[in-house]
Every structure is written in C-alpha cells, then in structure tokens.
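# next come a sequence and a model predicted from it.
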Amino acid sequence: WTGRPSIGYTRRTVREPIASFFYSRHLDLPEEMGAVLRYRTAAAEALGYPLRGGDAVFGLDAKAEPVPAMATPYAAMAVNTSRDEKLWPEAHWVTLCRELLARGLPSVFYWGSAVEEERVRRIAAQVEGAVVAPRAPLAAVAAGLKGASLTVGVDTGLSHLAAALGCPSVGIFVSTPLETLRLFGDGPVESLGGVGKVPGADEVLAAAERVLARGRA
C-alpha cells in the first residue's frame, strides 16, 4: 500500500506461507538456523549491512530499582509461561530449589497473573527461604534478573531476557525444538530438553552448577 519494497521469508521458510505472496523480496532463511541468527541475518540482508561473525552481543543493562532488592546471592526462577505445554513439573521445581538452597542460593519467583502467582506460591511454600517477588514493571523485574547469581526458567520471555542481560542461565524446554529456539546471552547459558523431552531436576541442577562455575571463571 505504501509503494515501498517489502521483505520477508520465502514460502518454504515462513510460518504463514500466504504472507510470502505480499513480499517484493524473499529471504530463504530456514528456522533450523536458530531464532537469533535467523533474525540477525534477515535484518542484515534486508538493510544491506554485513553481519559480524561470532555470537550476538546484546549489551543490555537494567538500571531500575530491582524487585526484590536482595543483598544476598539468589537464584531467579522463571516458572511460568504462556502455554501450559511449556511448563516444567512443580515437583521438579521444589527439588531444584531445595538443592540450590543447600548450595547457598535461595530462590526468588516471578509472576505476572493470578494463575501464575498461585503456581509460584504453591512451589515457594515447599521451599525454605523462597521469596515470591511482588508484581512489578518489566524494568524492575529485569533489574532483579540482572542481579541474580543464576536464572532457571522455562521457554518464556524472562528466561531469554535474563540470558541477554548476562545472568548465568539455564533454559528448560519441553515442547520447543532446541534447534530453532534456545537461550542466547552475554553470559554462560545452557538449554536442556526439546520437544517431548522433560529434563529431570538432577539434569537441571548439573547444568546450573556448570553455568555458575563458568560465570565465576
């Protein structure tokens, strides 16, 4: 309608194939490239600049007052997500949080709706020293993630944000293919699971210990 060129993915690489008919230029970039590299490549090709080699460097900062304001080391938990099939069993969260507490990292839980609050309170009630953060603007939550020693989360925005902020992070994926979407960040990250694969609490704990060790190195 504007008379300007429109650029998008080819019919075989776009999620909504009919949309490709409206593009004046097509980019043949399959999802198997992984979301971050795919989007970076698309932007570079569309806007005509060279893509720098190596992993993405986000360089994000969080300058708001963190929620909660914790003086001691803590682990941030991103338990909730938009679709139930992405959730990790609550019993696994309880086991993981107890093990992290034994290693000196109490858990802080974040939430954004009444249903999510109920879920985190059920889990936190079973873990000594666990904190349920108050509902807060995203900038304050981001500052809380930035200040955490570790973030563990399912496939949700907070997990990806924590990784981008440089917090040592572990992503738990149970219905998302790791080939197309996994954690990327400025700090050490690991992603576990995949479609139909539910990592155990012991696997996630081992990954947490690895990213913590790399973060201290």
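Nice, I can see it. Residues are numbered from 1 along each chain as shown.
# following the host helix or strand of residue 76, which helix or strand shows up next?
For residue 76, the host element (DSSP states H and E) is strand 75-78. Remark: after strand 75-78, the chain's next helix or strand is helix 90-102, criterion DSSP H and E.
# and residue 193, that one's in a strand?
Yes: counting by DSSP: H, G, I helix; E, B strand; the rest coil, residue 193 is located in a strand.
# how many residues are close by it?
22 (other C-beta atoms under 10 Å). Any C-beta I mention is one placed from the backbone N, CA and C, and that applies to glycine too.
# also residue 177?
Per other C-beta under 10 Å, the neighbour tally for residue 177 reads 16.
# right, and it touches residue 195 too?
Yes: between residue 177 and residue 195 there is a contact at 5.4 Å, judged by C-beta atoms under 8 Å.
# for the chain, which helix extends over the most residues?
The single longest helix within the chain, with elements called by DSSP state H, is helix 201-216.
# domain assignment for this structure?
Using the TED database, the domains assigned to the chain come out as 7-47, 75-216.
# out of these, which is closest to residue 58?
Closest approach to residue 58 among the domains of the chain is made by domain 75-216 (4.3 Å; C-beta to C-beta).
# for residue 172, see how far away the nearest residue to residue 106 once chain neighbours are set aside is.
Distance criterion C-beta to C-beta, 6 or more residues apart in numbering; nearest residue to residue 106, sequence neighbours excluded, is residue 129 at 4.1 Å. According to C-beta to C-beta, to the nearest Å, residue 129 stands 22 Å off from residue 172.
# now residue 55
21 Å.
# more crowded one of the two?
Shown here are residue 55 and residue 172; by other C-beta under 10 Å, residue 172 has more neighbours (31 against 12).
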